[in-house]
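Enquirer: Predicted model, plus sequence, below.
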Amino acid sequence: MTEVTKAGIKISPSLVRALPAAEREGLEDFLWAKSAGNCSLCDDPLNRASDQIEADHVIAEAEGGPNSRDNLYLAHVHCNRSKRNFPSVDVAPYLRLDAFVRRNDYVVNYAGTLPYFGIKPAPTVVTVAGDRVTFEFPDGSTRASSVFDEKPNRGQTIQYTFVDVPPEAIFNDEVSQPRTIKMPQIWKIYADLQRNPLHEPPSCRLLKLSESDHSYELSMFDGQHKTVASWMAGRKRVVSKIYLEMSDAETIALVNSIQYNVPKLVLSPFELTAKLADEWRFKLQQYEEQAKDTASEKGFVAWLSPGDRTRYRAAFRAALIQTVWDADDLKFKDLVLRAGIKDKSKTITEAVFKTKVLERLLHLQPLDEVKSDADHMRARERDDVIEVLNILVRLAFEPAEGAAEQTAREKERKRRISYQSSLAYIAHLLTTLTARVLKVDEERAFLDKDPTAADWQDISEGIKRLLGHPAWEADFSHSEKMKAIEAALSKNQEASQAFRRVGLRPGYVLGDDKLDSDALD
């Protein structure tokens with residue numbers, strides 16, 4: 001039976017015994033007053049009535065920290081667990097930013113983090129003279145650097161420079177950088193910055209504001225995770241690569257190349273299928289040598305002999321699903337019972353998750369687009385499917401912000417959602433919701449467009465409406481409609497019709513349809 005930790009302050013007996021005798025009396029009240037009611041790690045309020053709170057060392061004993069109440073703090077249990085072996089001074093900035101982003105449903109891009117840091121970007125005066133460029137930054141600092149020229153194959157000459165830039169000078173490039181930040185990626189870079197210099201600089205372009213005074217915005221189109229991690233680490237400037245002249249179209253093409261074409265060898269399902277089975281590798285190489293720049297997923301299937309096509313399609317579908325399943329940031333994996341593992345607390349099996357959820361979210365047919373474009377689209381599909389599922393996990397399977405555990409109603413909703421037929425229907429609703437928000441074909445809901453922060457907000461609101469439907473909590477004996485839902489769930493039947501009868505339809509999730517007061521009757 002799983003042990004339930006009660007709300008309130010928990011101080012381990014061994015920790016109390018390690019303190020000087022004079023410091024043991026009234027320890028809980030002392031630490032509460034010391035904390036001023038806030039978690040020492042994330043800085044959010046502590047609630048003694050509902051939160052699980054721990055006392056721990058600011059500087060760990062292993063690091064030479066003393067056993068004294070002056071070296072103790074109070075923190076949320078989940079924050080303290082996140083700390084692991086990192087010093088509090090290192091992990092606290094991350095947890096505080098994570099709390100800020102969580103309050104925004106994890107749908108902020110670089111610009112959305114600026115209020116947290118208190119950064120208000122302002123224009124920079126830029127003067128180019130020959131092979132030198134001078135920057136007069138809004139914080140009053142100036143820099144001069146060399147201009148470099150590069151002429152890519154079949155391209156025009158590109159000019160750029162490298163310069164250390166203060167936070168007040170960097171704007172988010174809303175045209176080519178609409179993507180939201182991912183906190184796990186922020187943490188990886190932030191942790192690395194504790195030991196190493198920033199390996200690759202973020203990239204900005206100059207957007208002219210005034211001809212008369214050479215006023216420009218330094219618009220960042222790549223490297224938002226690196227830059228956020230740098231500000232979180234307390235750095236006052238970040239070395240950036242500044243492109244002097246770059247159009248919207250050129251910037252978007254470069255972003256696509258950076259984010260998709262470069263890592264495609266490890267991300268592309270097209271290559272992954274060859275890796276999954278050696279028999280395909282040689283055939284894939286032959287096809288690409290013949291097709292060259294016209295190679296495509298669909299073209300390779302057509303190129304194969306009729307006897308190979310069915311087997312390859314199955315391998316390709318499995319590879320698409322596996323690229324999502326293998327992602328480190330897929331929260332759903334923590335809820336899924338893995339093959340060969342016994343855990344009675346988990347009712348969703350790996351096979352069910354893949355067949356009922358991932359198969360319904362992903363576009364499993366080979367694409368017509370040439371391989372470079374298809375790799376780009378598949379990487380987008382993978383990332384956005386993961387993000388939609390992560391939003392669902394946060395809202396449906398985790399306690400609400402500030403709560404130690406889910407309420408009885410929330411637990412019942414989670415139980416009903418975990419049925420196979422529920423998961424299949426929810427996957428359908430998530431696909432429809434995303435397609436409608438992005439205004440794309442439902443069959444290609446996650447392929448064709450990068451959601452903006454506003455799009456992610458709309459998707460999150462739709463998922464909240466989905467989870468707010470009373471059918472997830474109402475008594476099954478309430479009506480014949482609810483009995484039909486119970487039968488569909490318990491017998492693992494197609495549940496879409498039963499859910500539609502109580503008004504849980506795409507229009508309701510999108511906010512277009514209002515729920516009738518007698519919807520469950």
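Expert: Thanks, I have the structure now. Since we're looking at a predicted model, the values are computed, not measured. Numbers count the residues shown, from 1 in each chain.
Enquirer: what about the longest helix in the protein?
Expert: Using DSSP state H to define each element, the chain has its longest helix at helix 371-396.
Enquirer: Check which helices and strands that one sits against.
Expert: helix 264-267, helix 269-276, helix 306-325, helix 359-361, helix 408-417, helix 420-438, helix 453-467 (3 or more Cβ pairs under 8 Å, 6 or more residues apart in numbering; DSSP states H and E). Heads up, the C-betas are built off the backbone N, CA and C, glycines and all.
Enquirer: and the next element down the chain from the longest one?
Expert: Moving toward the C-terminus from helix 306-325, the next helix or strand (DSSP states H and E) is strand 336-337.
Enquirer: Show me the shaky parts of the stretch 301-450 of the chain.
Expert: Where the stretch 301-450 of the chain drops to pLDDT under 70, the residues are 339-344.
Enquirer: and the protein, what are its domains?
Expert: 8-84, 115-261, 328-510 (automatic domain parsing).
Enquirer: Ok, which of those comes nearest residue 519?
Expert: Of all the domains of the chain, domain 328-510 sits nearest to residue 519, with 4.1 Å by Cβ to Cβ.
Enquirer: From the opening residue of that closest one to its closing one, how far?
Expert: For domain 328-510, the first and last residues are 30 Å from each other (Cα to Cα, to the nearest Å).
Enquirer: burial count for the closest residue to residue 457 other than its chain neighbours?
Expert: Closest residue to residue 457 apart from its sequence neighbours, by Cβ to Cβ, 6 or more residues apart in numbering: residue 107 at 5.1 Å. Each residue near residue 107 was counted by other Cβ atoms under 10 Å, and the total is 21.
Enquirer: Residue 321 too?
Expert: Neighbour count of residue 321, defined by other Cβ under 10 Å: 20.
Enquirer: Burial check on the closest residue to it other than its chain neighbours, number of neighbours?
Expert: The shortest distance from residue 321 to any non-neighbouring residue, by Cβ to Cβ, 6+ apart, is to residue 358 (4.8 Å). Around residue 358 there are 22 other residues, counting by other Cβ under 10 Å.
Enquirer: hang on, isn't residue 358 packed against residue 323?
Expert: No. When contacts are counted by Cβ atoms under 8 Å, residue 358 is not listed as touching residue 323 (9.8 Å).
Enquirer: And the strands in this structure?
Expert: Listed in chain order, the strands of the chain (DSSP state E) span 8-10, 52-57, 72-76, 124-129, 132-136, 142-146, 148-150, 158-165, 170-172, 203-210, 215-222, 238-243, 336-337, 348-349.
Enquirer: Now residue 20: closest residue in space that isn't a chain neighbour?
Expert: In space, residue 20 is closest to residue 68, 7.0 Å off (Cβ to Cβ, 6+ apart).
Enquirer: pLDDT score assigned to that neighbour?
Expert: We have a pLDDT of 89 for residue 68.
Enquirer: From residue 36, how far out is it?
Expert: As judged by Cβ to Cβ, to the nearest Å, residue 68 and residue 36 stand 19 Å apart.
Enquirer: So for stretch 63-73, could I get the coordinates as CSV, restricted to C-alpha?
Expert: Extracted as CSV, the C-alpha positions of stretch 63-73 are listed here (Å, rounded to 0.1, in the frame of the first residue of the first chain):
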residue,chain,number,x,y,z
GLU,A,63,29.7,19.7,1.6
GLY,A,64,30.8,20.8,5.1
GLY,A,65,27.5,22.4,6.1
PRO,A,66,27.0,22.7,9.9
ASN,A,67,24.2,21.0,11.9
SER,A,68,22.6,24.2,13.2
ARG,A,69,19.2,25.7,12.7
ASP,A,70,20.8,28.7,10.9
ASN,A,71,21.8,26.2,8.2
LEU,A,72,18.2,24.8,7.8
TYR,A,73,15.4,25.9,5.6
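Enquirer: circling back to that earlier point, what about the residue nearest to residue 20, neighbour count?
Expert: 12.
Enquirer: show me the contacts for it.
Expert: 19, 20, 23 (Cβ atoms under 8 Å, 6 or more residues apart in numbering).
Enquirer: show me what contacts the residue positioned nearest the centre of the chain?
Expert: The centroid of the chain falls nearest to residue 182 when counting by Cα atoms, centre = their mean (4.0 Å). By Cβ under 8 Å, 6+ apart, the contact set of residue 182 is 225, 329.
Enquirer: how near is it to residue 387?
Expert: Counting by Cβ to Cβ, the gap from residue 182 to residue 387 is 8 Å.
Enquirer: Return the set of buried residues in the longest helix of the chain.
Expert: 371-372, 374-396 (16 or more other Cβ atoms under 10 Å).
Enquirer: quick one on the thing from earlier: what sits in contact with each of residue 358 and residue 323?
Expert: Counting by Cβ under 8 Å, 6+ apart, nothing touches both residue 358 and residue 323.
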